[in-house]
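Visitor: just coords:
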Ligand code: NAI
């Protein structure tokens, strides 16, 4: 044994405890420790059974992802759990695995090798490897179908979502739910269970073939799984590999199936997708670290919040706060926008209940936490205000002056502005240190990103509290500097500009959206704009007119659509038209209008290749990302990738835009940007950092 695994006893039952905080990951030393404990148990005939349990707050939450990363980059040897699993499965002393917290990935594979599993009701199990571009690599795809049947195994391995203890019991993954909520309750229940089964013939999972079903049923299950993966996990290899590996369990012996799984596992492990996903995993964690704000910085408690403006964003932000259990005042100027805002909130919640995301009871509790108001009367009590009124500097300053007058000292005054200068907004109050940006992304109750914008005078406490708020709301918080558009929108603006130019040059909305969704973006850029509201960018363009460099080309068609009242989804018409089911339908009238406007403006329409669409879109924001990095508005390059993946649906399996540019090669990117610079003019001037790195043959990431 090692320090990471302890062996103790309760009379005739051995207790193996994994003690590798915080999540008992199966890092170096843990499998060896379990194996040694089993050796000792095998030599002691007084043991009738053995319980394998996690110390601390969980069973085994999975592999050590740092180790996986090293293996993926060829920096350390690829290990396998399989010998240990066979040792557990063949142990003459039956092993009962006791699960609290989570049994994920290698944790569940470990548990499935034992003849029995018990769990607390609040425990969860799953094979989430696909989320890191992998598949189970220690026979998970072979043992899970033998316990739960093919359909459940395919779903769990390909989608990667965890399931509850109750579901695991129903599916046959565990054998009993133990009463209680603590690790000691679990241990007591597991020991009792162990005494019941001791001496009885223990089933070997690998020999249980009764749930594998017959070939006739399988075809439909695998076809449906492949279809779902192609739709929901477009472009990703791991889900398809996971499906094939489970399929192998229906066609091959256990041993052959394991070999097949291993081959696919290794292919996935050494793939670019796996490296990219592991990079994003660590980037999200890194984003929480702020060099000059220590972890111990005292936080401001948030018991009550307020949101000003109940529009697209304000309503969603109020929902995000309520969903996290924070009561919130929602203020509007007049009854009718307030009613509209509340109706949208109710409709969104109803949809969530319909889709099974929330229960009615949860929704009722959340709605009760949102208090609509037309006055600032109760604002003296709030700890945090998030302003989400129209994107207009004068209006925002006015709102902040009012907040300054009514809010108590110590309250955080945050703005959801997407592009305006935080310092200028802060100049409207006598306490600029209380001001920061909390920039949510639409829809704010769903999208995972929260950009926290640091103003010149924002206090460390305010920034630390806003970053922590992101976590409370289930979001990834990323700290950014105060430049126009911060990081996400500053990069989105040139991208959006290229999209408009392409449309004005005759590319169809479908062609542009399809090119980007085929690349892996969650939503095409044109559909994204319609969802955000074309009027939002229109207002921004008006607000920032003075910033347009003289002589640079400016888009015109989207402004014209706005002038016609086509704001996108909210008016049932934008670039697309929206049918009764609110589905986007290409609108030939728009194509015709754009043709006419282009002719008036002297823009020549022509056919554009998919490659040109892709390059103009991607390199527009990578070029801007390079400037942001160089100017220090992002703390580190990985923050930019985290932002684009979580805020704008950039495919995580491509590692974010900056990582992706590195994989293409910055020299290639630079050459293309230079070509566009000479074809299309000043907007494409290569960022100095991009030029420098390309010339030096380097990437944004030194160590990649
Ligand atoms: P919206 O037009 O949907 O809503 C603004 C709401 O503010 C309206 O309901 C209006 O009645 C209300 N309002 C105006 N003055 C007010 C006052 N003095 N007191 C209380 N309420 C007042 O606008 P949206 O899209 O929600 O944008 C709000 C802010 O969020 C803007 O700063 C925008 O740039 C930013 N933002 C918008 C995003 C989007 O995708 N729509 C994304 C991220 C930020």
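Guide: Now that the structure is in, tell me what you want to look at. Being a predicted model, the structure only gives us computed values, none of them experimental.

Visitor: how much space between residue 487 and the ligand?
Guide: 13 Å (Cβ to the nearest ligand atom, to the nearest Å). (Glycine included, C-beta is placed from N, CA and C.)

Visitor: grab the nearest non-local neighbour of that residue.
Guide: residue 480 (4.5 Å; Cβ to Cβ, 6 or more residues apart in numbering).

Visitor: contacts only, for the spatially closest residue to residue 525 that is not a sequence neighbour.
Guide: Distance criterion Cβ to Cβ, 6+ apart; nearest residue to residue 525, sequence neighbours excluded, is residue 499 at 4.6 Å. If you count contacts by Cβ atoms under 8 Å, 6 or more residues apart in numbering, residue 499 has them with 512, 525, 526, 529, 617.

Visitor: can you tell me the element residue 499 falls in?
Guide: Per DSSP states H and E, residue 499 falls inside helix 488-504.

Visitor: now do the buried residues in the very next helix or strand once past that helix.
Guide: Downstream of helix 488-504, the first helix or strand assigned by DSSP H and E is helix 509-519. Buried residues in helix 509-519, counted by 16 or more other Cβ atoms under 10 Å: 509, 511, 512, 513, 515, 516, 517, 519.

Visitor: distance from the chain centre to helix 509-519, please.
Guide: A distance of 22 Å separates the centroid of the chain from that of helix 509-519, by Cα atoms, centre = their mean, to the nearest Å.

Visitor: just stretch 335-343 next, same as before
Guide: On Cα atoms, centre = their mean, the centre of stretch 335-343 falls 31 Å from that of its chain.

Visitor: that one: which residues count as buried?
Guide: 337, 338, 341, 342.

Visitor: anything in it near the ligand?
Guide: Yes: residues of stretch 335-343 contacting the ligand under Cβ under 6 Å from any ligand atom: residue 337.

Visitor: and stretch 555-563, by the same measure?
Guide: No: residues of stretch 555-563 are not located near the ligand by Cβ under 6 Å from any ligand atom, the shortest gap being 12.8 Å.

Visitor: what distance separates that stretch from the centre of its chain?
Guide: Per Cα atoms, centre = their mean, the centroid offset for stretch 555-563 relative to its chain is 33 Å.

Visitor: so what touches it?
Guide: 497, 500-501, 503-504, 529, 534-535, 537-538, 541, 574-575, 590, 593-594, 597-598, 601.

Visitor: mind checking which of those residues are in helices?
Guide: Of these, the ones assigned to helices by DSSP state H are 497, 500-501, 503-504, 529, 534-535, 537-538, 541, 590, 593-594, 597-598, 601.

Visitor: and those near the ligand, which?
Guide: Of the ones in helices among the contacts of stretch 555-563, not one also sits near the ligand (Cβ under 6 Å from any ligand atom).

Visitor: circling back to that earlier point, in the helix holding residue 499, which residues are buried?
Guide: Within helix 488-504, the residues that count as buried by 16+ other Cβ under 10 Å are 488-504.

Visitor: tell me the angle that helix makes with helix 509-519.
Guide: Using axes from the mean of the first three to the mean of the last three Cα atoms, to 10 degrees, the inter-axis angle of helix 488-504 relative to helix 509-519 is 130 degrees.

Visitor: and the pLDDT for the residue nearest to residue 630 when sequence neighbours are not counted?
Guide: Of all residues not flanking residue 630 in the chain, residue 689 sits nearest, at 4.2 Å (Cβ to Cβ, 6+ apart). pLDDT, residue 689: 97.

Visitor: sec struct for residue 689, please.
Guide: Assigned with DSSP: H, G, I helix; E, B strand; the rest coil, residue 689 falls in the helix class.
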